[in-house]
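> Sharing a sequence plus its predicted fold:
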Amino acid sequence: MIGQLPFTQYTASQGMSRRGFLKVTGGLSGGLLVAMHLPLAKLAMAEIDSVTGKQTAAPNAFIEISYDNTVTVMIKHLEMGQGAFTGLAVLAAEELDADWSQMKARHAPSNTELYKNLNFGIQGVGGSTGLSNSYDQMRKAGATCRAMLVNAAADKWGISHELISVTRGTISRLDTGASLTFGDLAEAAAKLSPPEDVKLKSPSEFVLIGTKLPKLDTAEKSTGAAIFTQDIKLENMRYAMVAHPPLFGAKLRSFDDTAAKAVSGVLDVKPIPSGVAVIAKNTHAALKGKNALKIDWDTSSAETRSSAALFDEYRAKVDTLGATAASTGDVEKALKNAEETHEFTFEFPFLAHTPMETLDAVIRINSDDTVDAWLGSQLQTVDQGTIAGVVGVDPTRVNLTTMISGGSFGRRAQPDSGFAAEAAHVAKTQPKGTPVKLMWTREDDLQGGRYRPLTVHRFEGAIDNEGNISAWDHAIATQSIVAGSPFEGMIQNGIDPTSIEGAQAPCYELNDFRMTLHTMENKVPVLWWRSVGHTHTAYAVEVMMDYLLEKAGKDPFKGRMALMKEHPRDKGVLKAVYALSQKGTPAKDSARGIAVHRSFGSYVAQVAEVIRDSDGLPKVTKVWCAVDCGLAVNPDIVKAQMEGGIGFGLSSILHEEVSLGDGGAVSQTNFDTYQLLRINEMPEIEVVIVQTENPPTGVGEPGLPPIGPAVANGWRRLTGQMVTTLPMVPAITKMNQEA
Amino acid sequence: MNVNFTLNGEQKSIEVEPDTPLLWILRDELSLTGTKFGCGKAQCGACTIHFNGNATRSCVMPISAVIGAEITTIEGVTSAAADALMAAWKKHDVPQCGFCQSGQMMSAINLLTRNPSPSDDEIDAGMSGNLCRCATYTRIKKAIREASDNLGERA
């Protein structure tokens, strides 16, 4: 089980109340379920199952031990492919001294107090914080549960707990050798009070953490059995699609639904704040109905500027002085006194997340004014509150079930909860008790905004007469992601940290340094996109650095090392990746580029080997990667996330661009016009984990930022072409044509 | 219209709108949700099924074209290649989000059934119709190579 209900149980379960949820999923009427949130004294009371009369699970908990000896860990964060289920379960299993084969995971219910991200204060995940904020919490949950099992065994055997050991899921008494399973003791342990304080293992005592363990969700995900939101089918469920405005900021003026309503299977057409909803008996009818709508949009206040016009505007802006985000020395003086200066402007387009599962949700407003919602939510607290607001009930009346999602990469972490709001508005148009599944098409997804912001960087760097980099003047023009959202408080002194992260404090010692920001405005909704600001800052900083080092006659590896003074971890990964890459035999007519970047507390360096393909375009043949994420809890997941981050990053720097055409409409519609990396373009990847004695930090995003500059630096070395406009494929095609 | 076809070895007779893509019949009407919607334009391969033994995108195949055909979905695959691939997928922990993986699996089964020992280029050619946004491609490749080796040993 990967935590979601089997399909048939969805249809069988009418109420899906919290109790219903537990009854269905618990299956074996409970067992030990321990609330491990702090303070531990707030243990939720166990409930008595009305059907079996046995003591069952208290809902507020992280670990459930069933009579059949399965240990199920409640995962508070969305599993979207980053490995949250396995990653968090192993933390609990380690301290529980469980056997990995008895472990299962499922999403925890939505409950901010119990399941908040300890870094955010709300239930949600982002910024690669899933594992790091859970590290102590889940281990404490496991250790507390273990202590309760040991105490129950001590009571049963009438011996001191010191005569009891727990190894790989077996509880043994040291004097006689008799043993019991967790399941044998679940009921007795559930009646005990949790200990106030538990001792956690030191890393040297870890048995599971740091080893390669099979992921808990691989089997279901390899056989089509895993249930995503798209797969939910409830009794009397209706299927909805929404027609959205063709321009950002356009509003509905009027619509003609005659043809839509004539489509067989269409049940209803209703205007909602974000467009026009078509509700049907099945998906195909909803799609046909949507396409048959005739809608008159009011575009008077819409965004009509093209991407080209926005780039012009941003380029003009970075030639002026923006708000200072960081500054040391006197950059203007250093530029004036320099032997030579080099100036570049970098252009980054809007990017779409395009998770393979488009946005979707199932919402049912019940006749008692409770609401059941099923969706893949990166920000449960925000989505729950938003749905409650739209329906007009207290958030505690919204039972949000987190579903595994077919990717997200930030797409399902909308600060204003726009998608959840739309789903709730659609559900509200239908009779109470009717579940409504809203699904976006790929076109809705690509044209629906919430992109990585279009961004321009301007750099001026200088080299002094001794061949040292003597000035670094860096300006960014971009849209704020958090402005106007509940996360607006992140903005300090006019600087949205997500606009400049990765640029304001590079790992290099630069005496005369300035980093400035222009916060731009337009009506295109933007959002955090896997690794957020680092998507563009790492590229600009590392390509500029590489170029300046080359001009200063320095080696890209040694030159970087020499510029890093107080950055042992950056140096550590750089050194490790360099050593790793030296082992390989270079491909014929290839060149290599290197880059290093710290993001979300983790350090990653990469070397990319690039060749010029027969079409004159870059082909990345091999990537070496070194990562320092502190303690690597799940080394194979760390590696998988590096591989995935490299592929995702490579996809974006080679191909991806959402562009607004003349008049402001998005030009891309589907994967034929928004191209993603395919298997034939995927390089071979070798990853080394640099072990350091630091607590674990995230890996979902940090693998991405270095790949772009590593490829660009290799390509420049190979061809002399400095790529400052992304994506690379059209940019290099143009350069080749002009040459 | 009434449509008769074979689905995962069983005879099916259903009454549907003739222009409905097979994908939605499988998912909405027959509750076989292993086959996914990803693009609706045969661009991503998440909806890959076997149509008379050929890997086919079900999102653009109208049900009227399925009359008399043999359709196999991820829920109904049974072959030595399928077993070898699923074992290799597990060994290499291929999936991340998992959403595209049914389609990947259906294409990989098709590939190994026709060509039990594909070269790297042939793997690329056989699998390039299937997008994976998590970019699990290196592991997909490793798993296909391993399944191919294991099939070879058994033969």
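Noted; the coordinates are in hand.
> Identify each buried residue in the longest helix along chain B, please.
Counting residues, the longest helix found in chain B (DSSP state H) is helix B:137-154. Using 16 or more other CB atoms under 10 Å in any protein chain shown as the burial criterion, the residues of helix B:137-154 that qualify are B:137-141, B:143-148, B:150-151. To be clear about C-beta, it is placed using only N, CA and C from the backbone, and glycine gets the same treatment.
> Grab the nearest non-local neighbour of residue A:486.
Excluding the flanking residues, the one nearest residue A:486 by CB to CB, 6 or more residues apart in numbering or on different chains is residue A:415, at 5.6 Å.
> Now do the one you found against residue A:548, distance only.
The gap separating residue A:415 from residue A:548 is 37 Å, by CB to CB, to the nearest Å.
> quick one on the thing from earlier: with the buried residues of helix B:137-154 in mind, which one is nearest to chain A?
residue B:137 (3.8 Å; CB to the nearest CB).
> I'd say that closest one and residue A:683 touch.
No: in this structure residue B:137 lies outside contact range of residue A:683 using CB atoms under 8 Å: 9.3 Å.
> Can you name every helix or strand that the helix or strand harbouring residue A:598 contacts?
Residue A:598 is part of strand A:590-599 when elements are defined by DSSP states H and E. Secondary-structure packing of strand A:590-599 (3 or more CB pairs under 8 Å, 6 or more residues apart in numbering or on different chains; DSSP states H and E): helix A:534-551, helix A:556-563, helix A:568-582, strand A:602-612, helix A:707-719.
> Output these in JSON lines, with mean pLDDT appended to each entry.
Below are the helices and strands packed on strand A:590-599 laid out as JSON lines (pLDDT from 0 to 100):
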{"stretch": "helix A:534-551", "mean pLDDT": "98"}
{"stretch": "helix A:556-563", "mean pLDDT": "97"}
{"stretch": "helix A:568-582", "mean pLDDT": "98"}
{"stretch": "strand A:602-612", "mean pLDDT": "98"}
{"stretch": "helix A:707-719", "mean pLDDT": "98"}
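> Ok, which of those comes nearest chain B?
The nearest among the helices and strands packed on strand A:590-599, by CB to the nearest CB, is helix A:707-719 at 10.6 Å.
> for residue A:369, what are its contacts?
The contact partners of residue A:369, by CB atoms under 8 Å, 6 or more residues apart in numbering or on different chains, come to A:391, A:393, A:397.
> how much space between the last one and residue A:361?
Taking CB to CB as the measure, residue A:397 falls 17 Å from residue A:361.
> Neighbour count: these two, which is higher?
Each of residue A:397 and residue A:361 has its neighbours counted (other CB atoms under 10 Å in any protein chain shown); residue A:361 has more, 29 against 17.
> three-state assignment of that one?
Following DSSP: H, G, I helix; E, B strand; the rest coil, residue A:361 is assigned to strand.
> For the closest residue to chain B within the stretch 151-300 of chain A, give me its contacts.
Residue nearest to chain B within the stretch 151-300 of chain A (CB to the nearest CB): residue A:224, separated by 2.2 Å. With CB under 8 Å, 6+ apart as the criterion, the residues that contact residue A:224 are B:33-35, B:73-75, B:101-102, B:105.
> what are the ranges of the strands in chain B?
Assigned by DSSP state E, chain B shows strands spanning B:2-7, B:10-15, B:48-51, B:54-57, B:70-72.
> If you count neighbours, what's buried in the last one?
Think strand B:70-72. Those would be B:71-72, for strand B:70-72 by 16+ other CB under 10 Å.
> do the same with stretch A:579-592
A:580-581, A:590-592.
> for stretch A:471-491, same thing?
For stretch A:471-491, by 16+ other CB under 10 Å, it's A:471-483, A:485, A:487, A:491.
> Out of these, give me the two with the largest separation.
A:471 and A:485 (35.7 Å; CB to CB).
> From start to finish, how long is stretch A:65-84 in a straight line?
Across its full length, stretch A:65-84 reaches 20 Å end to end, with CA to CA, to the nearest Å as the criterion.
> In strands, which of the buried residues of stretch A:471-491 fall?
A:471-479.
> which stretches of the chain have low pLDDT?
Picked chain A for this. Where chain A drops to pLDDT under 70, the residues are A:1-60.
> oops, chain B please
B:154-155.
> where do the helices sit along it?
B:22-24, B:80-91, B:101-114, B:120-127, B:137-154.
> got CSV for the ones you listed, with distance to residue A:116 too?
Formatted as CSV, the helices of chain B follow (distance: least, CB to CB, whole Å):
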stretch, distance to residue A:116
helix B:22-24, 39
helix B:80-91, 34
helix B:101-114, 31
helix B:120-127, 41
helix B:137-154, 33
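> Including distance to chain A, could those helices go into a markdown table?
As requested, the helices of chain B are exported to a markdown table (distance: least, CB to the nearest CB, whole Å):
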| stretch | distance to chain A |
| --- | --- |
| helix B:22-24 | 4 |
| helix B:80-91 | 4 |
| helix B:101-114 | 4 |
| helix B:120-127 | 4 |
| helix B:137-154 | 4 |
